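Colleague: below are the sequence and a predicted model for it; my questions follow.
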Number of protein chains: 2
Amino acid sequence: MKFSKMFIPTTKETPNDATLPSHQFLVRAGFIAQTGAGIYDFMPLGKIVLDKIRAIVKEEMDEAGANEVQFGFVTPLSLWQESGRATTMGPELLRFKDRKNADFVLSPTNEEAVVNMVKNRITSYKDLPINLYQIYTKFRDEARPRFGLMRGREFLMKDAYSFHATQEDLVREFELMEATYKRVYERLGLEFRVVEADSGAIGGSGSKEFHVLANSGEDTIVVCDSCDYGANIEAAKRKKRHFTPWFENTEIDVKQERVETVGFKTIEEVSNFLSVSQAQTIKAVIKTAVYEEEKKVVVFFVRGDDELEETKACNSVDALELLDSSEDEITQAGLCAGYVGPFNLPAGITFVIDEEIKGEHGLVCGANEENYHLTGTDLSSLKDATYFDLVAVQEGDKCNCCGGELRYTKGIEAGHIFQLGSKYSEAMEANFLDANGKSQPFIMGCYGIGVSRLVAAVIEQNHDEKGCIWTKTTAPFLVDVIVSNAKKDDELNAGLEIYEGLKKAGISTIIDDRTKERFGFKMGDFELIGFPYAVVVGKKLTEGFVEIVERKTLEKQEVALDKVVETLQTLIAQ
Amino acid sequence: MKFSKMFIPTTKETPNDATLPSHQFLVRAGFIAQTGAGIYDFMPLGKIVLDKIRAIVKEEMDEAGANEVQFGFVTPLSLWQESGRATTMGPELLRFKDRKNADFVLSPTNEEAVVNMVKNRITSYKDLPINLYQIYTKFRDEARPRFGLMRGREFLMKDAYSFHATQEDLVREFELMEATYKRVYERLGLEFRVVEADSGAIGGSGSKEFHVLANSGEDTIVVCDSCDYGANIEAAKRKKRHFTPWFENTEIDVKQERVETVGFKTIEEVSNFLSVSQAQTIKAVIKTAVYEEEKKVVVFFVRGDDELEETKACNSVDALELLDSSEDEITQAGLCAGYVGPFNLPAGITFVIDEEIKGEHGLVCGANEENYHLTGTDLSSLKDATYFDLVAVQEGDKCNCCGGELRYTKGIEAGHIFQLGSKYSEAMEANFLDANGKSQPFIMGCYGIGVSRLVAAVIEQNHDEKGCIWTKTTAPFLVDVIVSNAKKDDELNAGLEIYEGLKKAGISTIIDDRTKERFGFKMGDFELIGFPYAVVVGKKLTEGFVEIVERKTLEKQEVALDKVVETLQTLIAQ
């Protein structure tokens, strides 16, 4: 391809709202252009990258035996009513009416559509398993679309859905998809991590996320320094801690006591006043849980030095979301802020206790009475309490697998695989006949890759202050032949000869043959756009030499004209 | 690919509303599935065909030097307000609001989006010409979505937009696109015709349509039996006709006369009563023209034996659409139905006369007075009349190019190319600096191919009563290896060997290895799905023979096992 024939509008202007390098550089280098909040056009270079990533995803999915399909992007709302998600999904699900006042949605995901496709078309276990995927447009009406392609509203996703007769077969496919995804990210040249994940609103049991590691990642990933363990903080587990109270292993029988703690409301104040460690107190976190048809105040209890992990908390009470409770809500619930504890709560209050402190004794907590706390409590004496993993793992906590040290890293969620089970097939009455002739709901898995998000993720992981640095498999072209002065026939002809030679060798190449731009401008474009290599045809041409520049290191080497193809082949193969 | 691993749900059930063969067979053969009015899912075989057509379109567009991009499918309404089409386009343009109450549309076409992309990014004639295209989803909220993929609401279209500094350069690109489109349809193996077309709502001057010839086509195409001339009936021209009045070339001076014609209102009645041929009368067609902010009654005059072509008529008065006028509207306009003529019309009535009768004399027309007509009229005496080509060309009319005979044929519009001019660039103030440093609006062309419609068009042109007959370049697989009884190891193994051999020879092949289906069922699927060739591995295997079946002719030939690949290579190359 020739620069002069391609629409590559690079610019020095950074969009006002662009905080991430990928957002800034992809716009500045002419890959994408914003047309509305969270909506982007792909310009020619951007389209090539998108297609390269799409092709790798397709190849690996096909290799894994999945069948490509395409669902309507516009989907009747009735399908979402069948599954129940028309009610449970919030405004992210964009709804609209057509000219005949019929209700539709713009698909944000396609569990409903795929069940609708398979229902009554696969009727026997003999036709299972099957894995159907598409690489097609999605729309999520995000409350705050931002970060360019990272959190857009219209985006390209690969979504796959598998159907099985047994849970064992689902697990087999789940593992196959995990291996397939790993190959995808490896082929894209990305540093990534597979982690345990929360299954969230999509439902189902096991799920894993694939994170592209980058400082700018929105997600906090907990990883172990000693073993392979990794998890999204929303799902991360750690080794249980226990803090021995002073009377443990003594004959002393410590009883629960009500102590005056006038004005001491925070964990810090109470622990100082009573001279106990924060770990030996119980912290109450009051939230308002939102359900389809009601809201209610709920209380979460965690160890005093722990933090509540909101996703875990939300899952523990099966709510759509958790909000901070207002003072009014807290008062109306009969709670006494600063003095809330698990004993003697007002009747009817839902509460959940972190499983780490199940059965612990000697902990300090609020007495549910202004200016009073309880000491010497015994949690095993609490009846009908619900225990759940509620805490955010912290750096330095111990790995539950190997005892190693856990630390945080940042990731961009670029893939997610789920063992869905029969949630959707049951809701939509999609059944098959098993080997015994008995009707059963399909057992399903679902598997997503954020294809357009990966365009941004590659750059978040691979850039410098000058611009993008594409990996070899994602670069729009591997080599940029820069003709210093394209008005000079000898330079232009030598450039064209190199360009043809590289193309013939199967190396995807662009030639910067623009006559109206100077060398410095062309070099700037090379660095901003981020082709992996440049061949500079300039002054040394008369001596038979050109310069090869590696974008990543910006290292240059002089190469004889007849060695250009060979040298690049070697560099690319490395 | 193995049948046993692919989701190909064939069925005997024809959708109730499916009148076209392509609609019936594509659903029955498991290519597509309807999810809503005019909205279809592509199942695995359908997706393969769609991608094959898409790939051919892409290759030819790339070869022509166009740059692929992708516009947001969801587009801010504001862009459509800039161009003015937010008002002029009716409910086909689906509008909706997002969660923040901002207005958006689902793109039915992308003139606005492309001008928005290029505006301020291309500023100099030095960066012209450029041709940007995409192959992406469109949505048109059709009043009556029908005919399966033929007139869907969500569909896949290739839309290209070129930008030029001069009209001459636009014409060059227009011709390049015409040649490119021809190659596309040729490569798809389709019988097609390039015809003159009406430019319609999209605006601009010259335009051509590409029609796939098929009896079920919605469009009437006028073609010449003697030369290359072809045109959509909406734009077709014919040789002017002239009917010599009896007094022409005599000394007799025939004057306009008012004659009583009580109760004779139709052309037939009047011509019989006055003993003149229908060709020597003037027919008045009264319509109500709809504009953005008003409606008004307009009158079209054509020769008595001609029919008004509504699209031409609509264009002649620049209306959004024409409706039949009600009796009330006609009376209110001061018109006397049955007696309307171009002379002495009530003041303020808009009327247009067909250019064929410009300057004719001796024609009979209504007198604009109950029960009276005029004879001996002289149209050249009419001041300030507007003339326009208004008539529908009829079979048997003479070709304007060569004098040959014109006839009708039916076509499916599968492509349309337009010389747009500066309609959109002017409206959206998208300018460039010309060689003299003067700011000019871009001169544009636009070029569409209905990619998903082509899936149906291939079948409309190529089917029989048993099912689809794919062309070699559009078939999901070229060869179907049918293992008669896949429970027999020798048949299955021989089938697999042939399958591997064909794949190795680069022939796309599927093997029907299903154990649960009988031979008759597999043969039925082959005929319904329409792979170009089948290799039947059956009883003669023990003698070393299989049968090759050609889908189009259903002719069979026995072939020795070691000649299968060679025979198919020869057949495919034909």
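Modeller: Ah, there it is.
Colleague: check the secondary structure at the nearest residue to residue A:149 once chain neighbours are set aside for me.
Modeller: The shortest distance from residue A:149 to any non-neighbouring residue, by CB to CB, 6 or more residues apart in numbering or on different chains, is to residue A:456 (4.0 Å). C-betas here are computed from N, CA, C, even on glycine. Taken by DSSP: H, G, I helix; E, B strand; the rest coil, the conformation at residue A:456 corresponds to helix.
Colleague: isn't residue A:456 up against residue A:148?
Modeller: Yes: counting by CB atoms under 8 Å, residue A:456 does reach residue A:148; the two are 5.8 Å apart.
Colleague: and residue A:384, how far from chain B?
Modeller: 40 Å (CB to the nearest CB, to the nearest Å).
Colleague: so who does that residue touch?
Modeller: Residue A:384 is in contact with no residue at all, counting by CB atoms under 8 Å, 6 or more residues apart in numbering or on different chains.
Colleague: report pLDDT for the residue in the stretch 251-400 of chain A that chain B sits nearest to.
Modeller: The minimum distance from the stretch 251-400 of chain A to chain B, using CB to the nearest CB, falls at residue A:321 (15.3 Å). Looking at residue A:321, its pLDDT reads 90.
Colleague: since we're on it, how many residues are nearby?
Modeller: Neighbourhood size, residue A:321 [other CB atoms under 10 Å in any protein chain shown]: 15.
Colleague: ok, residue A:395 next?
Modeller: Neighbour number of residue A:395 under other CB under 10 Å is 10.
Colleague: okay, and it sits in which element?
Modeller: Using DSSP states H and E, residue A:395 falls within no helix or strand.
Colleague: so who does it touch?
Modeller: Residue A:395 sits next to A:406-408 when contact means CB under 8 Å, 6+ apart.
Colleague: run through the bridge partners of the residue nearest to residue A:495 when sequence neighbours are not counted.
Modeller: Excluding the flanking residues, the one nearest residue A:495 by CB to CB, 6+ apart is residue A:483, at 3.9 Å. With DSSP bridges as the criterion, residue A:483 is bridged to residue A:537.
Colleague: residues in contact with residue A:483?
Modeller: Residue A:483 sits next to A:491-492, A:494-495, A:511-513, A:522, A:537 when contact means CB under 8 Å, 6+ apart.
Colleague: those in helices, which ones?
Modeller: A:491-492, A:494-495, A:522 (DSSP state H).
Colleague: which one of these is nearest chain B?
Modeller: residue A:522 (15.1 Å).
Colleague: the closest one touches residue A:512, doesn't it?
Modeller: Yes: Residue A:522 lies in contact with residue A:512 (CB under 8 Å); the separation is 4.8 Å.
Colleague: joint contacts of those two?
Modeller: Common neighbours of residue A:522 and residue A:512 (CB under 8 Å, 6+ apart) are A:482-483.
Colleague: who has more neighbours out of those two?
Modeller: residue A:512 (28 against 22).
Colleague: quick one: pLDDT of that one?
Modeller: pLDDT, residue A:512: 98.
Colleague: likewise for residue A:359?
Modeller: 89.
Colleague: any idea how far it is from residue B:99?
Modeller: Between residue A:359 and residue B:99 the computed distance is 46 Å (CB to CB, to the nearest Å).
Colleague: which one's more surrounded, these two?
Modeller: Taking other CB under 10 Å, residue A:359 and residue B:99 do not tie; residue B:99 has more neighbours (15 against 11).
Colleague: separation between the more buried one and residue B:137?
Modeller: Here residue B:99 is placed at a distance of 22 Å from residue B:137 (CB to CB).
Colleague: can you pull the contacts of residue A:47?
Modeller: Residue A:47 neighbours (CB under 8 Å, 6+ apart): B:68-70, B:134.
Colleague: what about those, which one has the most neighbours?
Modeller: Among the contacts of residue A:47, residue B:134 has the most neighbours (other CB under 10 Å), with 26 neighbours.
Colleague: helix/strand/coil for that residue?
Modeller: strand.
Colleague: contacting residues for it?
Modeller: Residue B:134 neighbours (CB under 8 Å, 6+ apart): A:47, B:68-71, B:110, B:158-160.
Colleague: how about residue A:302?
Modeller: A:282-283, A:285, A:308, A:354, A:356-357, A:390-391.
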